[in-house]
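Chemist: coordinates for the following, if possible.
(chains A and B)
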Amino acid sequence: MTKLNQVLILGGLIRFIIPTLLPQVVDILSSIIEISTPINSFKSLQEAFYYLNNDINLYDGGINHHPPVLVILLSFINDVGSSFVSNILFNLLYTIVDLYITLKLIALNKWYNEQWKGSTRYNDDLIASFYLFNPLLIVTNLSHSTLIFSILFIIEALNQLLVVKNLPRSMIALSIASYLSYTPLWLIIPLLSLMSNTNPNVPKAEIYGRNLGFYIMGLMLFIMSSFLINASWQFIPQVYGTIFMFNKIQPNVGLWWYLFTEMFEFFTPFYVGVFNLYSIIFVIPITLRFTNDGFFAFFLSLTWLSFTKSYPTIGDLGYVLSIIPIFKSSFLQYCKFSVIYIILLIVCLILSPIFYYCWIVLGNGNSNFFYSINLIWGVIYLFIIMDITWAKLTFDYIIDNEIKDKKQVEKLRLTQI
Amino acid sequence: MKIQLNIVLVTIFSILTVFVRGDINVVNTEEADHIISKSKHTNNWAVLVSTSRFWFNYRHMANVLSLYRTVKRLGIPDSQIILMLSDDIACNPRNAFPGTVFNNNNQAIDVYGDEVEVDYRGYEVTVENFIRLLTDRWDPDHPRSKRLLTDENSNIFIYLTGHGGNEFLKFQDAEEIGAYDIADAFEQMYEKKRYNEIFFMIDTCQANTMYERLYSPNILAVGSSKLDESSYSHHSDMDIGVAVIDRFTYYTLEFLEKIDKDSKQTMDKLFNEYTYENVHSNPGIRYDLFNRNASEVLLTDFFGNVQNVVVEDEGEEDILYITNHDERGKLVQFNQEHNKSDESYQIDFGYEDVESSQQITPMTANFIRGLGLVTGAVVVGLWFVST
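Modeler: All right, here's what the predicted structure looks like:
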């Protein structure tokens, strides 16, 4: 049994056995606000199943923010038998999804490091264990949050583009991901740039035009069928409008909620616009700056969008962290202060539930305690972005100036003009 | 052979279980007639008065508090109970069990406890307050919780206990109320339509004389002893040192302990408990002012607060089904359409876009599922078609 298979089996067993033996794990974890938000919580999905079975409009009541097709396709699993059987099937589904993502990550790792002629890439089993044994991701998976389906299709889009080299399929996958949650919509920009990087022979206009067309076609297919399914446009404000306009101001690991609870309603539209703009606007410069390494641009855009999301979870950081080891052969060696944000991560993970408990349950803390940890969580993202960007720029400099001498590399002191 | 017999029995039994109605609370209209009380009242009140004070009248406090507990247990809320006590027993320095009042020497129930709401305590228990309470003639600043806010659909249970005599009842060792006073108070209540029916129970010496002078209709009265007879206490508690309950109230409570909120027991069963062997006196019942037979009067008409709900015998029990389907079983949705032509000021509620369904046509679950499957199939098809 190869090491990879051992890792895969162990990771699958963790994700399958624990919720099967202890079904209350799912309920407890999906109530923890750091892990699941109102947008992607499993509980609201179960509520949506009930609405579906009882001929109630899925978006009556403002609880369900999942798109209709997801609710319908998952409701087939829910209606299989008794709740015991359907719970086991859900556990199986989430396990399979995670294992599939792992396998695709391994394939991406291989591709990326062949690109950079990397002999120093992490082994397959290490990449798999970075993903499968990441506690943030284990917890996100056990809470059955539907974030994982977006990530599945993002990774699948990358995989189809880079490994299988089937461009329309990657566009379909990305359109599924954006349909499921609004944020991957903006990843089309770095993905198109990556497409033109990996297919240098095809003229840019043709690549952009065709694939953008596929993407929009996929999106329109889903939106139209959701309109038919729901017999109204009500799903758009409920699914996407909630995320974009931040309609549900509930505490989470992100930075938006505190500011929106404190501000006057007169300013809310302005701030909604500014926050969304801040989230979106950096994707284009990142893509433009790192055209030579489209995969890095995609990853950095994904990190930025996770950082500035309206409803982030700890799983978002987990996914980002599990993709970082792919870059071992390119710039990971030049990351300077990873110890700092690892320690910050541990501090946040310990303090965040404590401060939430002090605030909500005991009542002797207030929201400032909890928000301070959210700010530190944002700082973790920022450190990651800074460190990785600087490492990438260093690596680019070394490649561009063809500095082969190791001693010279060590003496290198780069500054920004 | 044996196995076959078992199988046959099991199948017969399982077929029979189909006919077992689990929904025993659904009745049809004829059955409903038997269940619903004929009393035509819509709410129940209780006025419980202990007219004695001092330690040696422990049993009067225990009487009233036991009935208070009973009446609360059977459903009358505190807001509809007026409790008048001298309230000097529980914290009396002579009480060996401070903060408690027991009604039995087994000390099983502390009828004082934590949740007693006394409306008139101590020296507020006066004849004037009692009459004012019954007739509701107060100053405008008298608190509502201390008023008897009954209407013409109220059944009132009035219980008096203490030391009494020939047509009088002693209040707090300072004054007396006469039988004529109570009769006139009830007549005022009748004229002001402040009751549907009154059940008047009095446990004192020579109690029957107190109801002889009543002349208003719809009053059922019970007294514990007749003229020149004393009412006796039931037993004493050696640790407390005084008698803890009276006989008449003891047998009343013993009977009432057996009934619960939806009991269909009638008054005549209670009155059968009042024998000379039990209470050692001759209790009296006055029926002539009451237009119903004692065997038709439910105990819960006065002691409880029961309203029976009758479910229609036709129609679905599933509320979700009823709200979403019309009478013919067709799926309907409520469409909230804002009348845009109405240019006048429209109030825009924030929740309307989530609470009102804006569907163009109602969609059934299977159709939706079919559409979802079709979408999935189309996407999968596109996936495999694309190169």
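Chemist: show me where the stretch 101-250 of chain B has its strands.
Modeler: All strands of the stretch 101-250 of chain B, identified by DSSP state E, counting those that start in this stretch, fall at B:120-121, B:154-161, B:164-165, B:168-171, B:175-178, B:197-203, B:219-223, B:233-236, B:243-246.
Chemist: put the alpha carbons of the longest one into CSV.
Modeler: What follows is strand B:154-161 as a C-alpha-only set of coordinates in CSV (Å, rounded to 0.1, in the frame of the first residue of the first chain):
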residue,chain,number,x,y,z
SER,B,154,-67.1,34.0,33.9
ASN,B,155,-67.6,31.2,36.3
ILE,B,156,-66.4,32.1,39.7
PHE,B,157,-65.5,29.7,42.5
ILE,B,158,-65.7,31.5,45.9
TYR,B,159,-64.3,29.8,48.9
LEU,B,160,-64.5,31.1,52.4
THR,B,161,-63.0,29.6,55.5
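Chemist: with mean neighbour count added, can I get the strands of the stretch 101-250 of chain B in JSON lines?
Modeler: (Glycine included, C-beta is placed from N, CA and C.) Shown next, in JSON lines, are the strands of the stretch 101-250 of chain B (neighbours: other C-beta atoms under 10 Å in any protein chain shown):
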{"stretch": "strand B:120-121", "mean neighbour count": "16"}
{"stretch": "strand B:154-161", "mean neighbour count": "25"}
{"stretch": "strand B:164-165", "mean neighbour count": "22"}
{"stretch": "strand B:168-171", "mean neighbour count": "22"}
{"stretch": "strand B:175-178", "mean neighbour count": "17"}
{"stretch": "strand B:197-203", "mean neighbour count": "25"}
{"stretch": "strand B:219-223", "mean neighbour count": "25"}
{"stretch": "strand B:233-236", "mean neighbour count": "18"}
{"stretch": "strand B:243-246", "mean neighbour count": "23"}
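Chemist: relative to A:Ile280, which of those strands is closest?
Modeler: strand B:154-161 (67.3 Å; C-beta to C-beta).
Chemist: that closest one packs against which elements?
Modeler: When contacts are defined as 3 or more C-beta pairs under 8 Å, 6 or more residues apart in numbering or on different chains; DSSP states H and E, strand B:154-161 packs onto strand B:43-50, helix B:58-73, strand B:197-203.
Chemist: residue contacts, the residue of the stretch 251-400 of chain A at minimum distance from chain B?
Modeler: Closest contact between the stretch 251-400 of chain A and chain B, by C-beta to the nearest C-beta, is at A:Glu265 (10.7 Å). Listed by C-beta atoms under 8 Å, 6 or more residues apart in numbering or on different chains, the contact set of A:Glu265 is empty.
Chemist: cool, and B:Phe199?
Modeler: For B:Phe199, the contact set (C-beta under 8 Å, 6+ apart) comprises B:155-158, B:219-222, B:301-302.
Chemist: in a markdown table: the strands of the stretch 101-250 of chain B, plus mean pLDDT and distance to A:Gly218.
Modeler: Output for the strands of the stretch 101-250 of chain B, formatted as a markdown table (pLDDT from 0 to 100; distance: least, C-beta to C-beta, whole Å):
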| stretch | mean pLDDT | distance to A:Gly218 |
| --- | --- | --- |
| strand B:120-121 | 93 | 77 |
| strand B:154-161 | 94 | 69 |
| strand B:164-165 | 92 | 91 |
| strand B:168-171 | 93 | 88 |
| strand B:175-178 | 93 | 89 |
| strand B:197-203 | 94 | 75 |
| strand B:219-223 | 94 | 80 |
| strand B:233-236 | 91 | 86 |
| strand B:243-246 | 92 | 83 |
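Chemist: which among those strands is found nearest to A:Gly241?
Modeler: That would be, of those and by C-beta to C-beta, strand B:154-161, which comes in at 53.2 Å.
Chemist: other residues contacting whichever strand or helix holds A:Lys407?
Modeler: In the assignment (DSSP states H and E), A:Lys407 maps to helix A:406-411. The contact list for helix A:406-411, computed with C-beta under 8 Å, 6+ apart, reads A:398, A:403.
Chemist: do that again at 6 Å, thanks
Modeler: A:Ile403 (C-beta atoms under 6 Å, 6 or more residues apart in numbering or on different chains).
Chemist: quick one: mean pLDDT for that helix?
Modeler: Averaging pLDDT along helix A:406-411 yields 80.
Chemist: and what of stretch B:38-49?
Modeler: The average of the pLDDT scores along stretch B:38-49 is 88.
Chemist: tell me which residue lies nearest the centroid of the chain.
Modeler: Looking at chain A here, since you left the chain open. Nearest to the mean C-alpha position of chain A, by C-alpha atoms, centre = their mean, lies A:Asp316 at 4.6 Å.
Chemist: can you look at chain B instead?
Modeler: Chain B has B:Asn305 as the residue nearest its centroid, 2.2 Å off, counting by C-alpha atoms, centre = their mean.
Chemist: name the SS class of it, please.
Modeler: Of the three states, B:Asn305 takes coil under DSSP: H, G, I helix; E, B strand; the rest coil.
Chemist: pretty sure it contacts B:Gly75?
Modeler: Yes. If you go by C-beta atoms under 6 Å, B:Asn305 and B:Gly75 touch, sitting 3.6 Å apart.
Chemist: low pLDDT regions in the stretch 201-350 of chain B?
Modeler: B:306-317, B:333-350 (pLDDT under 70).
Chemist: show me the one of the strands of the stretch 101-250 of chain B that comes nearest B:Val71.
Modeler: Of all the strands of the stretch 101-250 of chain B, it is strand B:154-161 that lies closest to B:Val71, at 6.8 Å by C-beta to C-beta.
Chemist: tell me which strands the closest one pairs with, and in which orientation.
Modeler: strand B:43-50 (parallel), strand B:197-203 (parallel) (DSSP bridges).
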